[in-house]
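Engineer: Got a predicted model here, sequence first, then my questions.
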Amino acid sequence: MKKIRMNKYLAGAGIASRRKADGLIEQGKVKVNGKIITDLGVQIDPEKDRIEYQGKILQPATPLLFMFNKPRGVTSTMADVHAEKTIADYFADVGRVYPVGRLDKDSEGLMLITNDGDLANQLTHPRYEHEKEYEVIISRPTVIPAQAGIQARKQLRLDPRVPSMRPKILGAGGAGKPEDDRRGLGDNIITKFSQSFKMDGSKIKPMRVRIINKISSSRWLISLILQEGKKRQIRRVAEILGYKIIQLKRVRIGKLKLGHLPVGKYRRVSADEII
């Protein structure tokens, strides 16, 4: 059999992506035929060589990819001693798998679960730009206390060229009519959420926004589509704009839609359904 690089073998065995596998090799955590290797250029013959990681002999894994409807309240990791429930609780009978990316504990919806490190890297790397769509229930904007506004701006820096994005900041005891009471709320939601933001020191691509439904006089269901995603991006943007998120649900990754998959259930999919 043709020899392959060690990081490719580790990724195929479901241990880690190739990049992370390089780190494991450099740390001396991998053995070939009983000897520790640290050379990233080492190539092995999967049919002849014995590869060990954490004291276990590895075998090439059958590539697995699942779509999973994560319930709210579940932590998006396979192990967390502080979590009440993790994804591992739903995949105990599948074997060694792990989530592709994350959804925060208070969010729900579509996640990808795999044992293929290379595929996980392809699905998460920014250069591939797989769209992610969310359905979000937000409440009518409220006046933001001055101190809260200051703290929010430290965490999420708005593009100074878009002054209309700045929320109305009032001091303690201040009074004023929210901007969205003076304009059409639906149009204003689209305008605010679709602007360009600076987050964590870099400019992010604008979200595409669509109003799905007006639930009540104070609540709206909207669709937000991201081409890239910073940690808790939607929640952070909503906070700085003065909106409260009632529910956040991911409904699509690339071409793959959550559809009618029940909460807490999963089904096997192929990469072609996503990319």
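Structural biologist: Arrived safely, thanks for sending. Numbering: from 1, shown residues only.
Engineer: Could I get the pLDDT score of K177?
Structural biologist: If you check K177, the pLDDT there is 47.
Engineer: how about the helices of this structure, start to end?
Structural biologist: Counting by DSSP state H, the segments of the chain that form helices are 6-12, 18-26, 117-124, 146-155, 179-182, 185-193, 233-241.
Engineer: Throw these into a markdown table and include mean neighbour count and distance to I215, thanks.
Structural biologist: In short, each C-beta sits where N, CA and C put it, glycine included. Shown next, in a markdown table, are the helices of the chain (neighbours: other Cβ atoms under 10 Å; distance: least, Cβ to Cβ, whole Å):
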| stretch | mean neighbour count | distance to I215 |
| --- | --- | --- |
| helix 6-12 | 23 | 44 |
| helix 18-26 | 17 | 42 |
| helix 117-124 | 19 | 32 |
| helix 146-155 | 13 | 25 |
| helix 179-182 | 14 | 15 |
| helix 185-193 | 18 | 12 |
| helix 233-241 | 21 | 16 |
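Engineer: Now tabulate these in a markdown table and tack on distance to A83.
Structural biologist: What follows is the helices of the chain, written out as a markdown table (distance: least, Cβ to Cβ, whole Å):
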| stretch | distance to A83 |
| --- | --- |
| helix 6-12 | 26 |
| helix 18-26 | 22 |
| helix 117-124 | 21 |
| helix 146-155 | 24 |
| helix 179-182 | 37 |
| helix 185-193 | 30 |
| helix 233-241 | 19 |
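Engineer: Determine which of those shows the lowest mean per-residue pLDDT.
Structural biologist: helix 179-182 (a mean of 46).
Engineer: A16 reaches G117, doesn't it?
Structural biologist: Yes: between A16 and G117 there is a contact under Cβ atoms under 8 Å: 5.2 Å.
Engineer: For G259, give its distance to K2.
Structural biologist: The gap separating G259 from K2 is 40 Å, by Cβ to Cβ, to the nearest Å.
Engineer: neighbour count winner among the two?
Structural biologist: G259 (11 against 7; other Cβ atoms under 10 Å).
Engineer: gap between the more buried one and S223?
Structural biologist: Taking Cβ to Cβ, one finds G259 at 15 Å from S223.
Engineer: what does G242 give?
Structural biologist: Distance, G242 to S223, using Cβ to Cβ: 20 Å.
Engineer: Looking at these two now, which is surrounded by more residues?
Structural biologist: G242 (22 against 16).
Engineer: Verify the contact between L24 and E52 for me.
Structural biologist: No: using Cβ under 8 Å, L24 is not in contact with E52; the gap is 11.7 Å.
Engineer: Give me the common contacts of these two.
Structural biologist: V30 (Cβ atoms under 8 Å, 6 or more residues apart in numbering).
Engineer: Write down the beta-bridge partners of E135, one by one.
Structural biologist: S223, K249 (DSSP bridges).
Engineer: Show the contacting residues for it.
Structural biologist: Residues near E135 by Cβ under 8 Å, 6+ apart: 109, 212, 221-223, 247, 249, 251.
Engineer: Who are the contact partners of the residue nearest to the spatial centre of the chain?
Structural biologist: In the chain, the centroid-proximal residue (Cα atoms, centre = their mean) is R102; its distance is 3.9 Å. Contact analysis of R102 by Cβ under 8 Å, 6+ apart lists 76-77, 111.
Engineer: Quick check on the residues you listed: which are buried?
Structural biologist: The neighbour-count test (16 or more other Cβ atoms under 10 Å) marks 76, 111 as buried among the contacts of R102.
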